[in-house]
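> No letters, just coordinates:
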């Protein structure tokens, strides 16, 4: 019997690879002779690098880069098993968690470090790039990234801007010079994992929707509102220059507003495309091919709720499995709310680590021990039902 184990991470408890190992123990107890295929999963956010490195036999890389405030941070990225594809989580270099809460202000954070990771991977021979663009501290339209890749920005007086490009400097920019842009980018292919559909500007744009989440609570409601308004003004002016420079209109493309406009920046500066994270992961891990002939797919994540059906990992797995008629059993730390849509899309059954006698904190702390037990129970339950036809 072929059983595929393909969980996302159990955030705060287990990485996707660790969850695979824990589930495998349970499956082995239930079906000792099973042929097990482990495929750690992600949806383009946290854990994408490790999931794809593990799934393709690649390697993790570490590099000192400039963080959101320009200070040095050590960031990781992955080179996949083909040796030519780099997978980067922008949050590793430009994420909100890298900024102390008291210093958070998206007017002054930069994606420069994300550009440095791209440049470093390119130097190592990578020509295909998968960029996860969630969890950002930034609102600079990807200008900082572009700066690290050779783009020069000038202020309205014609002087070169030597500081890290950020939300503030967008409003001071008078000219964008692309002549120094790394020629390697012309040889490369960029795909951004993007699970939001916000445009760059307007009421649903990144300034008004997301920048308040990147501000320190100390700033107060009035200051946070003024920051969002300032960013909107700055980004509107900058986008005029950007679209003229690259001869491409990007502001209204779905996802352009992701990660403080990094979506628009990747579209414009690298000629990249935006895709749903889970679709990228499924394709890169060769998921459809690897699950062929399976009797069961065992998947899971930290929490299953109504959002699980909205383009997340489990919904993507269920979609692919349904095409091949493979049952899917899901395990989560918690299962809450109305999840009827999950069953409609192909999930056979759901199991929760948490129960009446087990609280969330304990479940998270002891997930490595509890997940094998629930996996054993889930597989045995499936087999009992399966044997009855």
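Nice, thanks for sending it over. This is a predicted model, so every value here is computed, not measured.
> just checking, residue 144 touches residue 112?
Yes - here residue 144 lies in contact with residue 112, judged by CB atoms under 8 Å, at a distance of 3.9 Å. For the C-beta atoms, the positions are set from N, CA and C on the backbone; glycine is no exception.
> quick one, which of these two is more surrounded?
residue 144 (34 against 27; other CB atoms under 10 Å).
> where does residue 155 fall, phi/psi-wise?
Per-residue torsions, residue 155: phi -80, psi -180 (degrees, to the nearest 10).
> Ignoring the adjacent residues along the chain, who's closest to it?
Excluding the flanking residues, the one nearest residue 155 by CB to CB, 6 or more residues apart in numbering is residue 172, at 4.9 Å.
> just residue 135 next, same as before
residue 91 (3.6 Å).
> That neighbour contacts residue 117, correct?
No - the pair residue 91 / residue 117 is not scored as a contact, 11.1 Å apart, by CB under 8 Å.
> Just want the most central residue of the protein.
The centroid of the chain falls nearest to residue 45 when counting by CA atoms, centre = their mean (2.0 Å).
> List the contacts of that one.
Residues in contact with residue 45 (CB atoms under 8 Å, 6 or more residues apart in numbering) are 89, 91, 132, 134-135, 193, 195, 277.
> Now list the buried members of those.
The neighbour count (16 or more other CB atoms under 10 Å) marks 89, 91, 132, 134-135, 193, 195, 277 as buried among these.
> Narrow the residues you listed to those in helices?
Using DSSP state H, the members of these that fall in helices are 91, 277.
> As JSON lines, the buried ones among the contacts of residue 45 with pLDDT would be great.
Output for the buried ones among the contacts of residue 45, formatted as JSON lines (pLDDT from 0 to 100):
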{"residue": "89", "pLDDT": "96"}
{"residue": "91", "pLDDT": "95"}
{"residue": "132", "pLDDT": "94"}
{"residue": "134", "pLDDT": "86"}
{"residue": "135", "pLDDT": "90"}
{"residue": "193", "pLDDT": "92"}
{"residue": "195", "pLDDT": "81"}
{"residue": "277", "pLDDT": "88"}
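> Looking at the buried ones among the contacts of residue 45, which are in strands?
89, 132, 193 (DSSP state E).
> my guess is the second one meets residue 258, correct?
No - with contact defined as CB under 8 Å, residue 132 does not count as touching residue 258 (10.3 Å).
> Please enumerate the shared neighbours of these two.
Common contact partners of residue 132 and residue 258 (CB under 8 Å, 6+ apart): residue 192.
> hey, where'd the strands end up in the stretch 51-200 of the chain?
For the stretch 51-200 of the chain, the strands defined by DSSP state E, counting those that start in this stretch cover 59-66, 72-79, 85-89, 128-132, 152-155, 173-177, 189-193.
> Tell me which of the ones you listed sits most buried.
Per residue and on average, the most neighbours among the strands of the stretch 51-200 of the chain fall to strand 85-89, with a mean of 27 (mean count of other CB atoms under 10 Å).
> ok, residues contacting that strand?
45-46, 48-49, 52-53, 58, 77-80, 95, 114, 117-118, 121-122, 124, 126, 128-132, 134-135, 284.
> Quick check: neighbours of it in the sheet, parallel or antiparallel?
strand 72-79 (antiparallel), strand 128-132 (parallel) (DSSP bridges).
> Would you tell me which of the ones you listed gets closest to residue 24?
strand 72-79 (22.3 Å; CB to CB).
> what's the offset of stretch 230-247 from the middle of its chain?
25 Å (CA atoms, centre = their mean, to the nearest Å).
> what's it in contact with?
106-107, 139, 141, 143, 167-168, 170-171, 173-176, 178, 200-201, 205-208, 211, 249-251, 261, 264-265, 268-269.
> what about the helices in the stretch 201-350 of the chain?
Applying DSSP state H, counting those that start in this stretch to the stretch 201-350 of the chain gives helices spanning 206-209, 220-246, 258-270, 277-284, 287-290, 313-323, 340-345.
> Quickly, which of these bottoms out on average pLDDT?
Per-stretch mean pLDDT for the helices of the stretch 201-350 of the chain is lowest at helix 340-345 (a mean of 78).
> Buried residues, that helix. List them.
Those would be 342, 345, for helix 340-345 by 16+ other CB under 10 Å.
> got the domain boundaries for this structure?
The chain breaks down by automatic domain parsing into domains covering 2-41+287-387, 48-277.
> picking that back up, my guess is the residue nearest to residue 155 contacts residue 159. True?
No - contact between residue 172 and residue 159 fails when scored by CB under 8 Å: they sit 9.9 Å apart.
> re earlier: can the strands of the stretch 51-200 of the chain go into a markdown table with extra columns for distance to residue 379?
Below are those laid out as a markdown table (distance: least, CB to CB, whole Å):
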| stretch | distance to residue 379 |
| --- | --- |
| strand 59-66 | 31 |
| strand 72-79 | 31 |
| strand 85-89 | 31 |
| strand 128-132 | 31 |
| strand 152-155 | 57 |
| strand 173-177 | 56 |
| strand 189-193 | 31 |
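> How far off centre is the worst-scoring helix or strand of the chain on mean pLDDT?
The weakest-scoring helix or strand in the chain, judged by mean pLDDT, DSSP states H and E, is helix 360-365 (a mean of 75). When C-alpha coordinates are averaged (CA atoms, centre = their mean), helix 360-365 and its chain have centres 24 Å apart.
> That one packs against which elements?
strand 328-335 (3 or more CB pairs under 8 Å, 6 or more residues apart in numbering; DSSP states H and E).
> Show me the contact partners of the strand it packs on.
So strand 328-335 is contacted by 7, 10, 13, 23, 296-305, 314, 317-318, 321, 342, 346-354, 360, 363-364, 367, 371, 374-375, 378-379, 382 (CB under 8 Å, 6+ apart).
> Please check the residues you listed and keep the buried ones.
Buried among the contacts of strand 328-335 (16+ other CB under 10 Å): 7, 10, 13, 23, 296-304, 314, 317-318, 321, 342, 346-348, 350-354, 363-364, 367, 371, 374-375, 378-379, 382.
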